[in-house]
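Student: what follows is a predicted protein model with its sequence.
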Amino acid sequence: MRALTWHGKHDVRMETVDDPEILNPRDAIIKITSTAICGSDLHLYDAYIPTLQAGDILGHEFMGEVVEVGPKSTLKKGQRVVVPFTIACGSCYHCNKHQYSACPNGLPADNQDIAMPLYGHEMSGLFGYSHMTGGYAGGQAEYVRVPFSDVGPIVIPDGVDDDKVLFLSDILPTGWMAAENAEIEAGDTVAVWGCGPVGLFCVQSAFLMGAERVIAIDHFPSRLELAKKFGAETINFEESKTYEALMEMTGGIGPDTVIDAVGLEAHGFFVDNVIDQIKASTFLGTDRPHSIRQAIIACRKGGRVSMPAVYGGFVDKFPLGAFMEKGLTLKTGQTHVQHYMPGLLNAIMEDKIDTTFLISHRLPLEQAPEGYKMFHDQQNEVTKIVLKPGMQLAA
Amino acid sequence: MAETQSASRDDAPASAAKHQDQATEALIDQQGDHVVGRAVTINRSRDELFAFWRDFANLVTFMDNVERVDVIDAQRSHWVVKAPGGRTVEWDARITEEEAGRLIAWASEPGADIVNSGRIEFRDAGARGTVVVATIAYDPPGGAIGKFVAKLFQREPAIQARRDLRRFKQLMETGEVATSSRTRAQLEEEKA
């Protein structure tokens, strides 16, 4: 089959590799019909992620058609499914509590050692995202092997476009869970840092959960424009002082709940380069820890902090004093995708949530390397690229 | 015996001791001079886990370094285990203690390539299932250098025991051992 493989910094290639096979009883093989490039894929592209190996197949947002099933799979050939990016067994202690991204049973025993020294625990396996998360081949390919296919993939009714449901795999549940973690109450003002795909889904979700106002913060005008379309007020941090603007816009109270959705732009499952990250946050002042610091400082007293942004290592100068003195609550975590898929599929079917607005480009899978370059170089114009294996090459 | 040493120790298991003190030594009441202890919680009943483990031929399904275990009779088994450098080591093991649904202890018989003993306990953990505690005592081949070489090959028993227990948990809770291989050929290469 053809697949997008990683070879080093800014070096991804389309290659022909062996087709995946059923290896465990609960496996299924999915023929990919649509797969997206995630903001977090760019950090693999930028070679921030140390446990990636040359030849690894990337991609953790994908859907397709079931073409082969193991004896314990509950799927049937020909069904269309969206696959969650987190690999979870559905029957362990954490899965029973619907904490799917904490499931240890999809992460091969040897790979579990990688995260232990850094986090104290192993996390779930993830598709196409380094060997720390299992070393699973991703879905930017013609076919993919999906473990625990009786638990993860959700079957999509006939006649529903791929583009409408593809984002159930990661970014829509991630945005929704972030809004849920913000524990929004009717009448709340919610501030969202970052108007990437996750931030934009946070905006939509927050309104659905009863927020009265959502204030979206970014510096890409086109992304702020999208947030505005969904009813958010906007702050462009290159034009305005974020803290001052938030305080004025909320009558001196501050937002009731703050959501940091920036980290996905510059995160990393850092292992070897934790020291680099500490240096970066201390001396170079990257935006990454800046957004969570700013969110905590702006949040109203007794308010809630939600952090879907991915952080991998340590953050310096975390404003623990402000956090304590103001009595804030912080909720975070990798998304428990399986928990949110059924409800969100219904919301899409009932037109309560719009997902297709996000897609700025559709490309054949064969042009995936060009897609990565575009997404990397033109963040204002490119919001989301969807790759389609069957699509004709553009001239 | 371990019980007599508790006065001077905290409540942490001996395998977590910072220094291999007398209490730790006392735990090794069988043979061997290095001890490995691991606890894992498995969402299955004590009886179910005990029954699976008691059939030693099953161990090969989650113990990666075990090439095979032949059951000789109700008490004895023959173990063939992978060692660094493509070699194998072998021994006969005998069950030294057994309590249905609670514990199994075994020890190598005289003439073993590596003198070793093991003990696996199953404790009720209520709604969370069963806490499984494995203690393995062994004489590393070739002393400290042997242990170093073994570590390079990741066959070092402390690492191996930890990974084996994770695979045991996966197998018992999900019916399969997780692999990220894409093809059968890759899977076989991984297991070799």
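Tutor: That came in fine, so what should we check first?
Student: give me the pLDDT value at B:Leu152.
Tutor: Note for B:Leu152: predicted pLDDT of 50.
Student: go on, the one 4 residues further on?
Tutor: The per-residue pLDDT reported for B:Glu156 equals 67.
Student: over to B:Gly142?
Tutor: For B:Gly142, pLDDT reads 61.
Student: quick check, stretch B:176-186 touching chain A?
Tutor: Yes - judged by Cβ under 8 Å from any Cβ of the partner chain, stretch B:176-186 comes into contact with chain A through B:176-185. From N, CA and C alone the C-beta is placed, and that goes for glycine too.
Student: surely A:Trp176 touches A:Met341?
Tutor: No - the criterion here is Cβ atoms under 8 Å, and A:Trp176 misses it with A:Met341 at 10.1 Å.
Student: the two: who's more crowded?
Tutor: A:Trp176 (27 against 21; other Cβ atoms under 10 Å in any protein chain shown).
Student: ok, the more buried one to chain B distance?
Tutor: 27 Å (Cβ to the nearest Cβ, to the nearest Å).
Student: ok, that residue - contacts?
Tutor: A:201, A:205, A:340, A:344 (Cβ atoms under 8 Å, 6 or more residues apart in numbering or on different chains).
Student: pLDDT wise, what is it at?
Tutor: Looking at A:Trp176, its pLDDT stands at 98.
Student: that one falls within a strand, correct?
Tutor: No - A:Trp176: not assigned to a strand; according to DSSP: H, G, I helix; E, B strand; the rest coil it is helix.
Student: neighbours around A:Phe375, how many?
Tutor: Count around A:Phe375 with other Cβ under 10 Å applied: 23.
Student: sorry, back to before: list buried residues within the contacts of A:Trp176.
Tutor: Neighbour-count burial (16 or more other Cβ atoms under 10 Å in any protein chain shown) applied to the contacts of A:Trp176 gives A:201, A:205, A:340, A:344.
Student: would you mind putting those into JSON lines with pLDDT and distance to chain B alongside?
Tutor: Below are the buried ones among the contacts of A:Trp176 laid out as JSON lines (pLDDT from 0 to 100; distance: Cβ to the nearest Cβ, whole Å):
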{"residue": "A:Phe201", "pLDDT": "96", "distance to chain B": "29"}
{"residue": "A:Ser205", "pLDDT": "97", "distance to chain B": "32"}
{"residue": "A:Tyr340", "pLDDT": "98", "distance to chain B": "22"}
{"residue": "A:Leu344", "pLDDT": "98", "distance to chain B": "25"}
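Student: for those residues, work out which two are farthest apart.
Tutor: Pairwise distances across the buried ones among the contacts of A:Trp176 (Cβ to Cβ) peak at 11.0 Å, for the pair A:Phe201 and A:Tyr340.
Student: mutual contacts of the two, please.
Tutor: Joint contacts of A:Phe201 and A:Tyr340 (Cβ under 8 Å, 6+ apart) are A:172, A:176.
Student: the residue of the stretch 151-300 of chain A found nearest chain B: neighbour count?
Tutor: Closest contact between the stretch 151-300 of chain A and chain B, by Cβ to the nearest Cβ, is at A:Val151 (9.2 Å). Neighbourhood size, A:Val151 [other Cβ under 10 Å]: 21.
Student: and it, that one's in a helix?
Tutor: No - counting by three-state DSSP, A:Val151 is not found in a helix; it is coil.
Student: now it: closest residue in space that isn't a chain neighbour?
Tutor: A:Gly90 (3.4 Å; Cβ to Cβ, 6 or more residues apart in numbering or on different chains).
Student: and the one you found, how many residues sit next to it?
Tutor: Quick note: A:Gly90 (other Cβ under 10 Å) scores 19 neighbours.
Student: around chain A, pick out the residues from chain B.
Tutor: B:41, B:43, B:64, B:128-129, B:154, B:159, B:162-164, B:166-167, B:169-170, B:173-185, B:187.
Student: sitting in helices, which of these do you find?
Tutor: B:159, B:162-164, B:166-167, B:169-170, B:173-174, B:184-185, B:187 (DSSP state H).
Student: out of those, which are buried?
Tutor: The neighbour count (16+ other Cβ under 10 Å) marks B:159, B:162-164, B:166-167, B:169-170, B:173-174, B:187 as buried among those.
Student: dump the residues you listed into TSV; add pLDDT as well.
Tutor: Output for those, formatted as TSV (pLDDT from 0 to 100):
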residue	pLDDT
B:Ile159	78
B:Arg162	86
B:Arg163	89
B:Asp164	90
B:Arg166	94
B:Arg167	95
B:Lys169	97
B:Gln170	98
B:Glu173	98
B:Thr174	98
B:Leu187	94
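Student: which pLDDT value belongs to residue 127?
Tutor: Looking at chain A here, since you left the chain open. 97.
Student: actually, chain B is the one I wanted.
Tutor: We note a pLDDT of 93 for B:Ala127 in this prediction.
Student: B:Ser6 now?
Tutor: pLDDT recorded at B:Ser6 is 44.
Student: burial count for the nearest residue to A:Gly333 once chain neighbours are set aside?
Tutor: In space, A:Gly333 comes closest to A:Ser101 once its chain neighbours are excluded; the distance is 6.5 Å by Cβ to Cβ, 6+ apart. Using other Cβ under 10 Å, A:Ser101 has 22 other residues around it.
Student: residues contacting A:Ser101?
Tutor: So A:Ser101 contacts A:86, A:88, A:123-124, A:333-337 (Cβ under 8 Å, 6+ apart).
Student: could you do A:Pro197 as well?
Tutor: By Cβ under 8 Å, 6+ apart, A:Pro197 lies in contact with A:38-39, A:167, A:171, A:175, A:358, A:383-384.
Student: try it again with 10 Å
Tutor: A:36, A:38-39, A:61, A:167, A:170-172, A:174-175, A:223, A:226, A:261, A:264, A:355, A:358-359, A:383-384 (Cβ atoms under 10 Å, 6 or more residues apart in numbering or on different chains).
Student: before we move on, the earlier item: tell me, what's touching A:Trp176 and A:Met341 both at once?
Tutor: When Cβ under 10 Å, 6+ apart defines a contact, the residues bordering A:Trp176 and A:Met341 alike are A:Leu168.
Student: and the pLDDT for A:Gln379?
Tutor: Residue-level pLDDT assigned to A:Gln379 equals 83.
Student: B:Gly175 now?
Tutor: For B:Gly175, the predicted pLDDT is 97.
Student: same check, this time on the one 3 residues further on
Tutor: What the model reports as pLDDT for B:Ala178 is 97.
Student: how many other residues sit next to it?
Tutor: 27.
Student: check the gap between the closest residue to it other than its chain neighbours and A:Tyr129 for me.
Tutor: Among residues not flanking B:Ala178 along the chain, A:Pro108 sits closest, at 4.9 Å (Cβ to Cβ, 6+ apart). Counting by Cβ to Cβ, to the nearest Å, the gap from A:Pro108 to A:Tyr129 is 14 Å.
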